[in-house]
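J.: A structural model of the following input is requested.
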Amino acid sequence: WGENPNAGFCHTQVEPSREGKLLINIIDELRVAAADGFLSLHEDVDAHQSYLYSFEQSPTPTEFSKGLAATEQGFFPPLDDGDYDGAIFVNGIAHNYCDGSFEDRLFHEGSPRTVCTETPGARPFQELVDATVAIIKTFLSYRT
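T.: Residues are numbered from 1 along each chain as shown. Presented below is the predicted three-dimensional model:
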């Protein structure tokens, strides 16, 4: 449909996608489920490098964000440091960048930490599977 499924949840005039509207319809249930944290696993189909967006109650990335980035980087090189569409990436992490994503909204609604990982879709499928499993395990190791 040409819609961005991870935009329009807050801080923006962008209309949520069809999928986004479904998430908004159950936001109360998802907020409860994200009481300790929220992980969203994405794939950037054009990328050859990994990166993530993290939201935490700290001005700089904590071991939580750094640990997830390290896990990704165990499989794929990190995105080069710099400004990408307004998000400043350092060591593969854009930290507390209010972009209107679902993770951004859940963080502002009380989830103590949320993260959206981006694995490079241009890589072999099995590498993506192995990396995703490792990312999930790392995320769970930080649960409170």
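
J.: can you give me phi and psi for the residue nearest the centre of the chain?
T.: By Cα atoms, centre = their mean, the chain has its centre lying nearest to residue 116, at 0.7 Å. Residue 116 adopts backbone torsions of phi -120, psi 110, taken as degrees, to the nearest 10.

J.: Next: the one 3 residues further on.
T.: Residue 119 has phi and psi values of phi -90, psi 150 when expressed as degrees, to the nearest 10.

J.: again, but for the one 5 residues further on
T.: In terms of degrees, to the nearest 10, the main-chain angles of residue 124 are phi -60, psi 140.

J.: helices and strands around the longest helix along the chain, which ones?
T.: Longest helix of the chain, by residue count under DSSP state H: helix 125-141. Judged by 3 or more Cβ pairs under 8 Å, 6 or more residues apart in numbering; DSSP states H and E, helix 125-141 is in contact with strand 38-44, helix 63-73, strand 113-120. Placement of C-beta: from N, CA and C, glycine included.
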